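**Student:** Build me a model:
(one chain, ligands or ions: 1)
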Amino acid sequence: MTEPLLRLDRISLSYSEIDVLQDISLDVLPGEFVSILGPSGAGKSTIFKLLTGAANAGSGEIQFAGKPLIATDRPFAFMPQRDALMPWRRIIDNTTLGLQVQGMRRKEARKRVAPLFKEFGLGGFEQHYPQALSGGMRQRAALLRTVVQDRPVLLLDEPFGALDALTRNQMQIWLEAMWLKHRWTIILITHDVREAVMLSDRIHLLSPRPARVERTIAVPLPRARFSHPTARAEAAAIETSILDFLLSPQIREPEGLLP
Ligand SMILES: Nc1ncnc2c1ncn2[C@@H]1O[C@H](COP(=O)(O)OP(=O)(O)OP(=O)(O)O)[C@@H](O)[C@H]1O
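**Tutor:** Here you go, the predicted structure:
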(Lines give C-alpha, C1' and ligand atoms only; values in the text may rest on other atoms or scores of the structure.)
Protein backbone atom coordinates (compact mmCIF):
# COMPACT_ATOMS: atom_id res chain seq x y z
CA MET A 1 0.00 0.00 0.00
CA THR A 2 1.27 3.50 -0.82
CA GLU A 3 2.24 5.47 2.29
CA PRO A 4 0.68 8.94 2.55
CA LEU A 5 2.91 11.89 1.75
CA LEU A 6 0.93 14.09 4.09
CA ARG A 7 -1.21 13.13 7.05
CA LEU A 8 -3.31 15.31 9.33
CA ASP A 9 -4.01 13.31 12.46
CA ARG A 10 -6.87 14.51 14.73
CA ILE A 11 -6.09 18.20 14.29
CA SER A 12 -8.10 20.69 16.32
CA LEU A 13 -7.71 24.46 16.25
CA SER A 14 -9.51 27.35 17.91
CA TYR A 15 -9.20 31.13 17.54
CA SER A 16 -9.83 32.50 21.06
CA GLU A 17 -13.35 31.14 21.79
CA ILE A 18 -14.12 30.01 18.23
CA ASP A 19 -13.55 26.32 17.55
CA VAL A 20 -12.62 26.10 13.87
CA LEU A 21 -11.20 22.61 13.29
CA GLN A 22 -12.26 19.58 15.32
CA ASP A 23 -10.41 16.31 15.00
CA ILE A 24 -9.56 16.71 11.34
CA SER A 25 -7.88 13.60 9.99
CA LEU A 26 -7.04 13.23 6.34
CA ASP A 27 -4.19 12.02 4.21
CA VAL A 28 -2.78 12.76 0.79
CA LEU A 29 -0.87 10.23 -1.29
CA PRO A 30 2.15 11.14 -3.42
CA GLY A 31 1.02 12.48 -6.79
CA GLU A 32 -2.59 12.58 -5.66
CA PHE A 33 -5.06 15.34 -6.54
CA VAL A 34 -7.20 15.93 -3.46
CA SER A 35 -9.95 18.50 -2.97
CA ILE A 36 -11.43 19.95 0.18
CA LEU A 37 -15.06 20.99 -0.12
CA GLY A 38 -17.28 22.42 2.56
CA PRO A 39 -19.58 25.25 3.58
CA SER A 40 -18.32 28.81 3.61
CA GLY A 41 -16.51 29.62 6.86
CA ALA A 42 -16.07 25.94 7.75
CA GLY A 43 -12.31 26.24 8.13
CA LYS A 44 -10.92 25.20 4.74
CA SER A 45 -8.41 28.05 4.43
CA THR A 46 -7.45 27.48 8.06
CA ILE A 47 -6.17 24.02 7.07
CA PHE A 48 -3.80 25.74 4.61
CA LYS A 49 -2.79 28.26 7.29
CA LEU A 50 -1.81 25.33 9.49
CA LEU A 51 0.24 23.73 6.74
CA THR A 52 2.04 26.94 5.83
CA GLY A 53 2.79 27.77 9.46
CA ALA A 54 0.46 30.79 9.61
CA ALA A 55 -1.61 29.10 12.37
CA ASN A 56 -0.88 26.50 15.00
CA ALA A 57 -2.96 23.48 15.91
CA GLY A 58 -4.21 23.22 19.48
CA SER A 59 -3.90 19.45 19.31
CA GLY A 60 -3.14 16.68 16.83
CA GLU A 61 -0.20 16.09 14.55
CA ILE A 62 0.81 16.81 10.98
CA GLN A 63 3.09 14.23 9.40
CA PHE A 64 5.01 14.65 6.21
CA ALA A 65 6.66 11.62 4.57
CA GLY A 66 6.04 9.61 7.74
CA LYS A 67 7.61 12.09 10.17
CA PRO A 68 6.09 14.87 12.30
CA LEU A 69 6.26 18.15 10.43
CA ILE A 70 8.55 20.62 12.16
CA ALA A 71 8.37 24.42 11.91
CA THR A 72 11.43 24.75 9.68
CA ASP A 73 10.14 22.07 7.35
CA ARG A 74 7.83 23.68 4.81
CA PRO A 75 7.21 21.36 1.90
CA PHE A 76 4.26 23.38 0.59
CA ALA A 77 3.88 25.95 -2.17
CA PHE A 78 0.76 28.02 -1.58
CA MET A 79 -1.39 29.82 -4.13
CA PRO A 80 -3.82 32.20 -2.37
CA GLN A 81 -7.45 32.88 -3.37
CA ARG A 82 -6.60 36.09 -5.14
CA ASP A 83 -3.67 35.95 -7.54
CA ALA A 84 -1.72 38.50 -5.43
CA LEU A 85 0.36 39.58 -8.41
CA MET A 86 2.23 42.79 -7.69
CA PRO A 87 1.05 45.44 -10.16
CA TRP A 88 4.44 47.18 -10.26
CA ARG A 89 6.38 44.04 -11.21
CA ARG A 90 6.52 42.62 -14.72
CA ILE A 91 4.99 39.15 -15.10
CA ILE A 92 8.41 37.51 -15.23
CA ASP A 93 9.37 39.20 -11.98
CA ASN A 94 6.08 38.25 -10.38
CA THR A 95 6.67 34.61 -11.24
CA THR A 96 10.19 34.66 -9.75
CA LEU A 97 9.01 36.15 -6.48
CA GLY A 98 8.75 32.90 -4.51
CA LEU A 99 12.21 31.85 -5.64
CA GLN A 100 13.68 35.24 -4.74
CA VAL A 101 12.07 35.06 -1.30
CA GLN A 102 13.84 31.72 -0.89
CA GLY A 103 17.13 33.52 -1.60
CA MET A 104 17.66 32.81 -5.31
CA ARG A 105 19.21 35.66 -7.29
CA ARG A 106 16.92 37.41 -9.76
CA LYS A 107 18.91 36.40 -12.83
CA GLU A 108 18.95 32.74 -11.87
CA ALA A 109 15.26 32.83 -10.94
CA ARG A 110 14.41 34.35 -14.33
CA LYS A 111 16.36 31.58 -16.03
CA ARG A 112 14.34 29.00 -14.11
CA VAL A 113 10.90 30.42 -14.97
CA ALA A 114 11.43 31.66 -18.54
CA PRO A 115 11.22 28.22 -20.25
CA LEU A 116 7.86 27.58 -18.58
CA PHE A 117 6.06 30.63 -19.93
CA LYS A 118 4.90 28.92 -23.10
CA GLU A 119 3.53 25.87 -21.27
CA PHE A 120 1.56 28.19 -18.99
CA GLY A 121 0.07 30.06 -21.95
CA LEU A 122 2.05 33.19 -21.15
CA GLY A 123 4.59 33.16 -23.96
CA GLY A 124 5.34 36.71 -25.13
CA PHE A 125 3.93 38.29 -21.95
CA GLU A 126 7.08 38.06 -19.85
CA GLN A 127 7.67 41.82 -19.87
CA HIS A 128 4.03 42.86 -19.47
CA TYR A 129 2.55 44.10 -16.21
CA PRO A 130 -0.31 42.14 -14.56
CA GLN A 131 -2.97 44.68 -15.58
CA ALA A 132 -2.35 43.77 -19.24
CA LEU A 133 -3.35 40.14 -18.64
CA SER A 134 -6.77 38.47 -18.68
CA GLY A 135 -8.11 36.86 -15.49
CA GLY A 136 -7.15 33.36 -16.68
CA MET A 137 -3.64 34.49 -17.60
CA ARG A 138 -3.18 36.10 -14.20
CA GLN A 139 -4.19 32.86 -12.50
CA ARG A 140 -1.75 30.90 -14.67
CA ALA A 141 1.00 33.38 -13.76
CA ALA A 142 0.16 32.92 -10.06
CA LEU A 143 0.22 29.16 -10.53
CA LEU A 144 3.55 29.37 -12.33
CA ARG A 145 4.96 31.36 -9.40
CA THR A 146 3.72 28.57 -7.10
CA VAL A 147 4.93 25.62 -9.19
CA VAL A 148 8.49 26.88 -9.80
CA GLN A 149 9.18 26.81 -6.08
CA ASP A 150 9.53 23.06 -6.62
CA ARG A 151 7.95 22.08 -3.32
CA PRO A 152 6.51 18.59 -2.90
CA VAL A 153 2.88 19.71 -2.38
CA LEU A 154 0.87 22.49 -4.06
CA LEU A 155 -1.85 24.15 -1.99
CA LEU A 156 -4.40 25.87 -4.22
CA ASP A 157 -7.03 27.96 -2.43
CA GLU A 158 -9.95 28.49 -4.82
CA PRO A 159 -7.65 29.36 -7.70
CA PHE A 160 -10.46 29.86 -10.22
CA GLY A 161 -13.15 31.26 -7.91
CA ALA A 162 -13.05 34.78 -9.36
CA LEU A 163 -13.14 33.75 -13.03
CA ASP A 164 -16.16 33.72 -15.34
CA ALA A 165 -17.67 30.27 -15.98
CA LEU A 166 -16.15 29.77 -19.45
CA THR A 167 -12.63 30.84 -18.42
CA ARG A 168 -12.90 28.72 -15.29
CA ASN A 169 -13.78 25.67 -17.37
CA GLN A 170 -10.85 26.31 -19.72
CA MET A 171 -8.54 26.65 -16.72
CA GLN A 172 -9.81 23.41 -15.21
CA ILE A 173 -9.14 21.56 -18.47
CA TRP A 174 -5.68 23.14 -18.64
CA LEU A 175 -4.87 22.32 -14.99
CA GLU A 176 -5.93 18.71 -15.48
CA ALA A 177 -3.64 18.40 -18.52
CA MET A 178 -0.77 19.95 -16.55
CA TRP A 179 -1.37 17.65 -13.60
CA LEU A 180 -1.47 14.57 -15.86
CA LYS A 181 1.87 15.64 -17.31
CA HIS A 182 3.67 16.67 -14.11
CA ARG A 183 1.85 14.56 -11.51
CA TRP A 184 2.17 17.20 -8.82
CA THR A 185 0.66 16.42 -5.43
CA ILE A 186 -2.18 18.94 -5.16
CA ILE A 187 -4.63 19.94 -2.44
CA LEU A 188 -7.36 22.13 -3.89
CA ILE A 189 -9.86 24.12 -1.86
CA THR A 190 -12.94 24.81 -3.90
CA HIS A 191 -16.62 25.70 -3.63
CA ASP A 192 -17.25 24.28 -7.07
CA VAL A 193 -18.49 20.69 -6.74
CA ARG A 194 -18.13 19.98 -10.45
CA GLU A 195 -14.53 21.24 -10.36
CA ALA A 196 -13.78 18.90 -7.46
CA VAL A 197 -15.34 15.90 -9.23
CA MET A 198 -13.61 16.77 -12.50
CA LEU A 199 -10.13 17.11 -11.04
CA SER A 200 -9.83 15.03 -7.88
CA ASP A 201 -8.76 11.52 -7.08
CA ARG A 202 -10.44 12.01 -3.70
CA ILE A 203 -12.65 14.68 -2.17
CA HIS A 204 -12.82 15.44 1.55
CA LEU A 205 -16.17 16.93 2.54
CA LEU A 206 -16.14 19.11 5.64
CA SER A 207 -18.94 19.82 8.07
CA PRO A 208 -19.79 23.42 9.03
CA ARG A 209 -17.51 24.96 11.65
CA PRO A 210 -16.04 23.43 13.73
CA ALA A 211 -14.98 21.43 10.71
CA ARG A 212 -14.72 17.68 10.73
CA VAL A 213 -14.16 15.46 7.71
CA GLU A 214 -17.72 14.20 7.22
CA ARG A 215 -17.01 12.05 4.18
CA THR A 216 -14.19 11.18 1.84
CA ILE A 217 -15.27 10.35 -1.68
CA ALA A 218 -13.01 8.57 -4.14
CA VAL A 219 -13.52 9.43 -7.80
CA PRO A 220 -11.94 6.47 -9.63
CA LEU A 221 -13.05 7.58 -13.09
CA PRO A 222 -11.04 8.06 -16.28
CA ARG A 223 -9.93 11.63 -16.93
CA ALA A 224 -11.75 14.22 -18.98
CA ARG A 225 -14.65 12.84 -16.96
CA PHE A 226 -17.37 15.23 -17.96
CA SER A 227 -16.77 14.64 -21.67
CA HIS A 228 -15.89 10.93 -21.40
CA PRO A 229 -18.47 8.73 -23.19
CA THR A 230 -18.98 6.31 -20.30
CA ALA A 231 -17.60 8.15 -17.23
CA ARG A 232 -19.64 11.33 -17.65
CA ALA A 233 -22.88 9.87 -16.28
CA GLU A 234 -21.10 8.53 -13.21
CA ALA A 235 -19.26 11.84 -12.70
CA ALA A 236 -22.60 13.66 -12.86
CA ALA A 237 -24.07 11.21 -10.32
CA ILE A 238 -21.17 11.83 -7.91
CA GLU A 239 -21.63 15.58 -8.38
CA THR A 240 -25.34 15.28 -7.55
CA SER A 241 -24.71 13.13 -4.48
CA ILE A 242 -22.16 15.66 -3.13
CA LEU A 243 -24.55 18.56 -3.77
CA ASP A 244 -27.34 16.67 -1.98
CA PHE A 245 -24.99 16.09 0.92
CA LEU A 246 -23.83 19.72 1.11
CA LEU A 247 -27.41 20.97 0.93
CA SER A 248 -28.69 18.51 3.53
CA PRO A 249 -30.01 20.19 6.70
CA GLN A 250 -27.04 19.20 8.87
CA ILE A 251 -24.44 20.58 6.44
CA ARG A 252 -25.92 23.55 4.63
CA GLU A 253 -25.01 27.13 5.46
CA PRO A 254 -25.41 27.49 9.23
CA GLU A 255 -26.44 31.17 9.02
CA GLY A 256 -29.71 30.19 7.37
CA LEU A 257 -28.85 31.61 3.95
CA LEU A 258 -30.97 28.93 2.35
CA PRO A 259 -34.73 28.55 2.84
N1 LIG B 1 -7.16 35.05 12.37
C2 LIG B 1 -8.40 34.70 12.75
N3 LIG B 1 -8.90 35.07 13.95
C4 LIG B 1 -10.15 34.71 14.33
N5 LIG B 1 -10.99 33.99 13.57
C6 LIG B 1 -10.56 33.60 12.37
C7 LIG B 1 -9.25 33.93 11.87
N8 LIG B 1 -9.10 33.40 10.64
C9 LIG B 1 -10.27 32.76 10.36
N10 LIG B 1 -11.12 32.88 11.40
C11 LIG B 1 -12.48 32.30 11.47
O12 LIG B 1 -12.33 30.90 11.30
C13 LIG B 1 -13.44 30.40 10.56
C14 LIG B 1 -12.93 29.60 9.36
O15 LIG B 1 -12.33 30.49 8.43
P16 LIG B 1 -11.74 29.95 7.05
O17 LIG B 1 -11.24 31.14 6.31
O18 LIG B 1 -10.78 28.85 7.32
O19 LIG B 1 -13.04 29.35 6.37
P20 LIG B 1 -13.24 28.82 4.87
O21 LIG B 1 -13.94 27.50 4.98
O22 LIG B 1 -11.97 28.85 4.12
O23 LIG B 1 -14.25 29.93 4.33
P24 LIG B 1 -14.59 30.41 2.83
O25 LIG B 1 -15.05 29.19 2.11
O26 LIG B 1 -15.71 31.40 3.01
O27 LIG B 1 -13.33 31.00 2.25
C28 LIG B 1 -14.32 31.59 10.20
O29 LIG B 1 -15.37 31.65 11.12
C30 LIG B 1 -13.38 32.77 10.34
O31 LIG B 1 -14.09 33.93 10.73
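**Student:** Could you measure from the closest residue to Ser241 other than its chain neighbours over to the ligand?
**Tutor:** Nearest non-adjacent residue to Ser241, counting by Cβ to Cβ, 6 or more residues apart in numbering: Ile217, 8.0 Å away. From N, CA and C alone the C-beta is placed, and that goes for glycine too. Taking Cβ to the nearest ligand atom, to the nearest Å as the measure, Ile217 falls 18 Å from the ligand.
**Student:** need the next SSE after the one helix or strand Ile217 maps to, C-terminal direction.
**Tutor:** Counting by DSSP states H and E, the element that carries Ile217 is strand 213-218. The helix or strand immediately downstream of strand 213-218 is helix 231-246, counting by DSSP H and E.
**Student:** picking up where we left off before, just how off-centre is the strand holding Ile217 within its chain?
**Tutor:** How far strand 213-218 lies from its chain's middle: 17 Å, per Cα atoms, centre = their mean, to the nearest Å.
**Student:** Taking their axis directions, it and helix 231-246 sit at what angle?
**Tutor:** Strand 213-218 and helix 231-246 are oriented at 180 degrees to each other (axes from the mean of the first three to the mean of the last three Cα atoms, to 10 degrees).
**Student:** Output the contacting helices and strands for strand 213-218.
**Tutor:** strand 18-28, strand 202-206, helix 231-246 (3 or more Cβ pairs under 8 Å, 6 or more residues apart in numbering; DSSP states H and E).
**Student:** Comparing the ones you listed, which comes out most buried?
**Tutor:** Across the helices and strands packed on strand 213-218, averaging neighbours per residue (mean count of other Cβ atoms under 10 Å) puts strand 202-206 on top, at a mean of 23.
**Student:** What residue spans form the domains of the protein?
**Tutor:** By the assignment in automatic domain parsing, the chain contains the domains 1-41+51-75+153-230, 84-151.
**Student:** Mind putting the ones you listed into JSON lines with mean pLDDT and distance to Thr240?
**Tutor:** Listed next are the domains of the chain as JSON lines, based on pLDDT from 0 to 100; distance: least, Cβ to Cβ, whole Å:
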{"stretch": "domain 1-41+51-75+153-230", "mean pLDDT": "94", "distance to Thr240": "9"}
{"stretch": "domain 84-151", "mean pLDDT": "94", "distance to Thr240": "28"}
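**Student:** With distance to Ala237 added, can I get those domains in CSV?
**Tutor:** Listed next are these as CSV, based on distance: least, Cβ to Cβ, whole Å:
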stretch, distance to Ala237
domain 1-41+51-75+153-230, 10
domain 84-151, 29
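**Student:** Run a quick neighbour tally on Pro87.
**Tutor:** 8 (other Cβ atoms under 10 Å).
**Student:** How about Leu143?
**Tutor:** Leu143: 22 neighbours (other Cβ under 10 Å).
**Student:** ok, now the one 10 residues further on?
**Tutor:** Per other Cβ under 10 Å, the neighbour tally for Val153 reads 21.
**Student:** Same check on Arg105?
**Tutor:** Number of residues near Arg105 (other Cβ under 10 Å) recorded here: 11.
**Student:** residues touching it, list them.
**Tutor:** If you count contacts by Cβ atoms under 8 Å, 6 or more residues apart in numbering, Arg105 has none.
**Student:** for Thr240, what are its contacts?
**Tutor:** If you count contacts by Cβ under 8 Å, 6+ apart, then Thr240 has nothing around it.
**Student:** Likewise for the one 4 residues further on?
**Tutor:** For Asp244, the contact set (Cβ under 8 Å, 6+ apart) is empty.
**Student:** Over to Leu26?
**Tutor:** 7-8, 34, 204, 213, 216.
**Student:** Ok, Ser134 next?
**Tutor:** So Ser134 contacts Thr167 (Cβ under 8 Å, 6+ apart).
**Student:** most surrounded residue in the contacts of Leu26?
**Tutor:** His204 (26 neighbours).
**Student:** who does that residue bridge with?
**Tutor:** Using DSSP bridges, the bridge partners assigned to His204 are Ile36, Thr216.
**Student:** quick revisit: among the helices and strands packed on strand 213-218, which is nearest the ligand?
**Tutor:** Proximity to the ligand (Cβ to the nearest ligand atom) singles out strand 18-28 among these, at 4.4 Å.
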